[in-house]
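**Student:** Would you be able to build a 3D model of this:
(chains A and B)
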Number of protein chains: 2
Amino acid sequence: MIISSPQSMQKKALKWLKAGKSVGFVPTMGALHEGHLSLVRASKRDNDITVVSIFVNPAQFGPTEDYGSYPRSLKMDLSALKLFSVDAVFIPDVSDIYPEDFQTTVNVGKLSQPMCGKSRPVFFGGVARVVLKLFNLVMPTRAYFGLKDYQQFLIIKQLIKDLNLPVIIVPRAIIREKDGLALSSRNAYLSKEERKIAPRVYAALELGKEAAKSGKNPKQVQRIIEDHLKKNFVIDYVTVADPLTLASLKTFRGKALLAVAVWLGKTRLIDNLLVNQDTH
Amino acid sequence: MIISSPQSMQKKALKWLKAGKSVGFVPTMGALHEGHLSLVRASKRDNDITVVSIFVNPAQFGPTEDYGSYPRSLKMDLSALKLFSVDAVFIPDVSDIYPEDFQTTVNVGKLSQPMCGKSRPVFFGGVARVVLKLFNLVMPTRAYFGLKDYQQFLIIKQLIKDLNLPVIIVPRAIIREKDGLALSSRNAYLSKEERKIAPRVYAALELGKEAAKSGKNPKQVQRIIEDHLKKNFVIDYVTVADPLTLASLKTFRGKALLAVAVWLGKTRLIDNLLVNQDTH
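**Tutor:** Numbering: from 1, shown residues only, chains lettered A, B, ... in the order given. Prediction:
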């Protein structure tokens, strides 16, 4: 069932809630790939009802970013979702999500500052706002997010906690191509040549992981990743961070997040790896 | 029943929701007066369940404002509420509402700029955030707000619309003393002398209303109110505004809001009056 009106979506959601149904929710911007589908699969497994939303959210794109060209493939998305017999696909119009007098901002402070927040200053505010709206419309028991957008996952988790939303956030592992490239709708932008180079992002993270395991400190690990990446990419950031606070690590202790964003031509790629590390 | 844990409050709320009960919610900062009680009465009349919250919200007070001295009278508040047999009084701790890592901000943009927003820059952000949290914990069908805080009412109404909250906001008329003074917890700050002068705020608004009825334009009405107020008060603002957008009016057409904030010694008083006015 396709639902486009926010009112109808919320009415359905209230009905499910009152009927005691558990609702799993997978918010997407469409251009679905196996990463999204793994979230749908998890939702189907855990809940009575599964809702997928498809909404390319203008509020999370900066003025020079790719809102206009972001891949849209609604027909294919709907065919893919049909195979999962999801209970509702929510596809609202931009004008219904952001009516003319819309004026509310939502920001998760500290966690939005580093990493992607530096080069994309409106991004996480736009994400937090639309996810909050979608949560209020779908009223999910559980919401599913892929860990490729690790910072986004942390921010939504904090948003849920700070605003007392009765939603359980379920993170799911990054899905990769055989050659290691993390699945992303934006991979569609890559030329044949670029597509061959792109897996080197993950290769750099793997090198960083090995370096960490072999006793290098975070600064050294960061340098190793940077050195590898700069041969093929323009680096936005490389960070070795605390996976809870995203603060840069001075020493390894327990889990660490290795995360990068790079430009390959006109395409921005992000990826990350969690490593479990003893103190060095 | 007194509830202090946010988790318990939300559990109750979900139970009521699933049982199909309508829930009326009256958020307060305590120091209850007949204005609050009129909201409770309306909620009891309209809903199966009534919840009153008492929470002096530090986030809505500026650093030089009266958070510390804000009147607190929990025992009397609870006795008053007992007479109404409300279903739950929610009295959370500050540390449960704002844990150490709390970092989310919520702002209703345009409507928070004029009037009280000018002299109290953190106020409406603090209000929007706590009301959103309380809504998520109490999950009301209807929420009751007094029109003395007219700008606050508009902002919460916009917040509900912008974030797609399934809450009906119910405004209730200002309750006044016999001499016209609008009821306010802060009236407790007034000395005997000041208490005698305070009703002149409402008298000034009444003069403004008469001036409007007699054909004066908004600028003239504002001047008349100001001239009357400045004999006894330090004026924060006097505005003749559109009651939907709060924009200053150049001409009268339909409804108009006359609103003022003044200082009487160390006490800040606000009041307003809606007038229905033909074009001049």
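
**Student:** Ignoring the adjacent residues along the chain, who's closest to the residue of the stretch 151-280 of chain A found nearest chain B?
**Tutor:** Nearest residue of the stretch 151-280 of chain A to chain B, counting by C-beta to the nearest C-beta: A:D162, 3.8 Å away. C-beta here means a position set from N, CA and C on the backbone, and glycine is covered the same way. Closest residue in space to A:D162, ignoring its immediate chain neighbours: B:T104 at 3.8 Å, by C-beta to C-beta, 6 or more residues apart in numbering or on different chains.

**Student:** how about the strands in the stretch 101-250 of chain A?
**Tutor:** Secondary structure of the stretch 101-250 of chain A (DSSP state E, counting those that start in this stretch): strands at A:104-108, A:142-146, A:168-172, A:234-241.

**Student:** Which parts of whichever helix or strand comes after the last one count as buried, going by neighbours?
**Tutor:** Following the chain from strand A:234-241 toward its C-terminal end, the next helix or strand by DSSP states H and E is strand A:254-264. Within strand A:254-264, the residues that count as buried by 16 or more other C-beta atoms under 10 Å in any protein chain shown are A:A256, A:L257, A:L258, A:A259, A:V260, A:A261, A:V262, A:L264.

**Student:** Ok, stretch A:186-205 next?
**Tutor:** Those would be A:187, A:189-190, A:194-195, A:197-205, for stretch A:186-205 by 16+ other C-beta under 10 Å.

**Student:** tally of neighbours for A:P6?
**Tutor:** Residues within reach of A:P6, counting by other C-beta atoms under 10 Å in any protein chain shown, total 19.

**Student:** wouldn't it be in contact with A:P92 here?
**Tutor:** Yes. In this structure, A:P6 is within contact of A:P92 by C-beta atoms under 8 Å, at 5.6 Å.

**Student:** residue ranges with poor pLDDT in the stretch 151-280 of chain A?
**Tutor:** Along the stretch 151-280 of chain A, the parts satisfying pLDDT under 70 run over A:278-280.

**Student:** who in it is up against chain B?
**Tutor:** The stretch 151-280 of chain A has residues A:Q158, A:L159, A:K161, A:D162, A:L163, A:N164, A:L165, A:P166 near chain B, with proximity defined as C-beta under 8 Å from any C-beta of the partner chain.

**Student:** I'd like these laid out as a markdown table, including neighbour count.
**Tutor:** Putting these into a markdown table (neighbours: other C-beta atoms under 10 Å in any protein chain shown) gives the following:
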| residue | neighbour count |
| --- | --- |
| A:Q158 | 21 |
| A:L159 | 25 |
| A:K161 | 16 |
| A:D162 | 24 |
| A:L163 | 23 |
| A:N164 | 20 |
| A:L165 | 23 |
| A:P166 | 19 |
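
**Student:** Quick check: of the residues you listed, which lies closest to A:V122?
**Tutor:** A:L159 (16.1 Å; C-beta to C-beta).

**Student:** before we move on, back to that, now render the strands of the stretch 101-250 of chain A as CSV, adding mean neighbour count and distance to B:D227.
**Tutor:** Formatted as CSV, those follow (neighbours: other C-beta atoms under 10 Å in any protein chain shown; distance: least, C-beta to C-beta, whole Å):
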stretch, mean neighbour count, distance to B:D227
strand A:104-108, 22, 38
strand A:142-146, 23, 57
strand A:168-172, 17, 58
strand A:234-241, 19, 60
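
**Student:** Now do the helices in chain A.
**Tutor:** Ranges of helices in chain A, per DSSP state H, are A:6-18, A:34-46, A:74-83, A:94-97, A:116-119, A:123-138, A:150-162, A:192-197, A:200-213, A:218-229.

**Student:** Tell me which of those sits most buried.
**Tutor:** Highest mean neighbour count of these: helix A:123-138, a mean of 24 (counted as mean count of other C-beta atoms under 10 Å in any protein chain shown).

**Student:** if you look at it, does any of it touch chain B?
**Tutor:** Yes. Helix A:123-138 lies within reach of chain B by C-beta under 8 Å from any C-beta, at A:A128, A:L132, A:K133, A:N136, A:L137.

**Student:** A:A31 is in contact with A:R72, isn't it?
**Tutor:** Yes. The criterion here is C-beta under 8 Å, and A:A31 meets it with A:R72 at 6.5 Å.

**Student:** Of those two, which one has the most company?
**Tutor:** Higher neighbour count among A:A31 and A:R72: A:A31, with 20 against 14, using other C-beta under 10 Å.

**Student:** quick one: contacts for the more buried one?
**Tutor:** Taking C-beta atoms under 8 Å, 6 or more residues apart in numbering or on different chains, we find A:A31 in contact with A:Y70, A:P71, A:R72, A:S73, A:D77, A:S185, A:A188.

**Student:** quick one: which of these is nearest B:I270?
**Tutor:** So of the contacts of A:A31, ranked by how close each gets to B:I270 (C-beta to C-beta), first place is A:Y70, at 46.3 Å.

**Student:** Give the burial count for that closest one, as a bare number.
**Tutor:** Counted by other C-beta under 10 Å, the residues lying close to A:Y70 total 18.

**Student:** which ones are touching it?
**Tutor:** Residues in contact with A:Y70 (C-beta under 8 Å, 6+ apart) are A:M29, A:A31, A:V56, A:F61, A:S185, A:R186.

**Student:** make it 6 Å
**Tutor:** A:V56 (C-beta atoms under 6 Å, 6 or more residues apart in numbering or on different chains).

**Student:** distance of it from B:D227?
**Tutor:** Per C-beta to C-beta, to the nearest Å, A:Y70 is found 58 Å from B:D227.

**Student:** same deal with A:E193?
**Tutor:** 76 Å.

**Student:** I'd like to know how many residues surround the nearest residue to A:Y98 once chain neighbours are set aside.
**Tutor:** In this structure, A:Y98 finds its nearest non-sequential neighbour in A:A59, 6.9 Å apart by C-beta to C-beta, 6+ apart. A count of nearby residues for A:A59, using other C-beta under 10 Å, gives 19.

**Student:** Kindly report the same for the one 10 residues further on.
**Tutor:** Other residues near A:S69 come to 11 when the count uses other C-beta under 10 Å.

**Student:** Report pLDDT for it.
**Tutor:** Here, the pLDDT recorded for A:S69 equals 94.

**Student:** Contact partners for it?
**Tutor:** No contacts exist for A:S69 under C-beta under 6 Å, 6+ apart.

**Student:** A:L244: what's it in contact with?
**Tutor:** Counted by C-beta under 6 Å, 6+ apart, A:L244 has zero contacts.

**Student:** Roughly how far does it sit from A:L154?
**Tutor:** Going from A:L244 to A:L154 by C-beta to C-beta gives 8 Å.

**Student:** now swap in A:A173 and tell me
**Tutor:** A:A173 is 16 Å from A:L154, by C-beta to C-beta.

**Student:** what do you get for A:I54?
**Tutor:** 24 Å.

**Student:** What of A:Y189?
**Tutor:** 26 Å.

**Student:** tell me the domain boundaries of chain A?
**Tutor:** With domains defined by automatic domain parsing, chain A comprises A:2-172, A:185-273.

**Student:** Quick check: which of the ones you listed is nearest to B:R120?
**Tutor:** Once these are compared by C-beta to C-beta, domain A:2-172 is nearest, at 18.2 Å.

**Student:** so what's the residue lying closest to A:S112 once chain neighbours are set aside scoring on pLDDT?
**Tutor:** Residue nearest to A:S112 in three dimensions, not counting chain neighbours: A:F124, with 4.0 Å by C-beta to C-beta, 6+ apart. At A:F124, the model reports a pLDDT of 97.
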